[in-house]
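Enquirer: Sharing a sequence plus its predicted fold:
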Amino acid sequence: MPRPAAHDLATAVNAWFADAARPLPWRAAEVSPWAVLVSEFMLQQTQVDRVIPRWEAWIRRWPTPASLAAEPAAEAVRAWDRLGYPRRALWLHRAAVEIVERHGGEVPHELDELLALQGVGPYTARAVAAFAFGARVPVVDTNTRRVIARAVDGNAEPAPPSTARDLAAMSALLPESPHEARVFNAGAMELGAIVCTARAPRCAACPVNDRCAWLLAGSPAYDGPRKSKQARFEGSDRQVRGLVMRELRAAHRPVTRAEIVRVWADAGQLERAISGLVADGLAVETPEGMTLPEA
């Protein structure tokens, strides 16, 4: 099966994206690189609809890295509320401090400087470089990987993630123009998020359905390797950690062990969750009880 020409694929996706792009607030022309960085932290493993109100509240309260860095880390964790994976709040606070200390309060635009910030990995660094600064770099998320797997490779699902392989695949499709490359990075993600979805792809509405290798092959079932599935949330240590964090966020004072033991009946699992939160820096044990971190 012939592979679609990179230029044709990007041109079709970009033309579709011009009309189909959701009006997400961090895509507005006037948003700052800091606002883009915050959105990328929040969007990790979290649905867009849950992120929008939290992002808007965050940017109103902390419109610059310096405004966040000036407050205790506990306030970042508290404001993170129920977005999940609250270590991201700690990392974002630390990144704000590093931006102030190393870069005069301005988000850096070089990839190596972005990667040196706390909590910024290869995806986030490239997303900020591309979407905040217009750099011509490949940006690959789960949705992009699925679009490439189907449209280019003819597979119903992408293989387990590989940073080197995934970036090379996107690089091969990226237009030469930095502007068009930026649009294609965003457009491929959008296509995977709202059309080329995992469970029920809307192939009839796809702008590249006439050249999609998977469709042209008859939409065969996937028989390749898969990444391991995440364990159930209900009854998991993640759920217990979330319940403990809820108590700490709600209290503006130390929470005693007697109060915490009420949140979960399994004492061993509760202790494991507490120990993990302390080890991760999300909770601090004091003689008076447990609190969110202050530094």
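Expert: Arrived safely. This structure is a prediction, so every number in the text was calculated from the model and none was measured.

Enquirer: give me every residue that touches residue 166.
Expert: Each residue near residue 166 by Cβ atoms under 8 Å, 6 or more residues apart in numbering is listed here: 140, 144, 145, 148. Where you see a C-beta, it was placed from the backbone N, CA and C, and this is true even at glycine.

Enquirer: So for the first one, what's the nearest residue that isn't a sequence neighbour?
Expert: Of all residues beyond its chain neighbours, the one nearest residue 140 is residue 166 (4.5 Å), with distances taken as Cβ to Cβ, 6 or more residues apart in numbering.

Enquirer: mean confidence score for the one helix or strand that neighbour maps to?
Expert: Assigned by DSSP states H and E, residue 166 falls within helix 163-173. In this model, helix 163-173 has a mean pLDDT of 95.

Enquirer: which strands and helices sit next to the helix or strand following that helix?
Expert: Next in sequence after helix 163-173, counting helices and strands by DSSP H and E, comes helix 178-194. Applying 3 or more Cβ pairs under 8 Å, 6 or more residues apart in numbering; DSSP states H and E, one finds that helix 178-194 contacts helix 6-20, helix 122-133, helix 142-151, helix 163-173.

Enquirer: And the residue most central in space within the chain, how close does it get to residue 245?
Expert: Closest residue to the average C-alpha location of the chain: residue 44 at 2.1 Å, with Cα atoms, centre = their mean. Counting by Cβ to Cβ, to the nearest Å, the gap from residue 44 to residue 245 is 17 Å.

Enquirer: if we can go back for a sec, can you show me the CA trace of the helix holding residue 166 as CSV?
Expert: Output in CSV follows, covering the C-alpha atoms of helix 163-173 (Å, rounded to 0.1, in the frame of the first residue of the first chain):
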residue,chain,number,x,y,z
THR,A,163,10.1,8.9,21.6
ALA,A,164,12.8,8.4,18.9
ARG,A,165,10.5,6.6,16.5
ASP,A,166,7.5,8.8,17.1
LEU,A,167,9.5,12.0,16.6
ALA,A,168,11.1,10.7,13.5
ALA,A,169,7.7,9.7,12.0
MET,A,170,6.3,13.2,12.7
SER,A,171,9.4,14.9,11.5
ALA,A,172,9.0,13.2,8.1
LEU,A,173,5.5,14.7,7.8
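
Enquirer: buried set for that helix?
Expert: Of the residues in helix 163-173, 166, 167, 169, 170, 173 count as buried by neighbour count, 16 or more other Cβ atoms under 10 Å.

Enquirer: List the contacts of the closest residue to the second one other than its chain neighbours.
Expert: The reference is to residue 167. Excluding the flanking residues, the one nearest residue 167 by Cβ to Cβ, 6+ apart is residue 138, at 5.0 Å. Residues near residue 138 by Cβ under 8 Å, 6+ apart: 126, 167, 170, 171, 174, 185.

Enquirer: Thanks a lot, catch you later.
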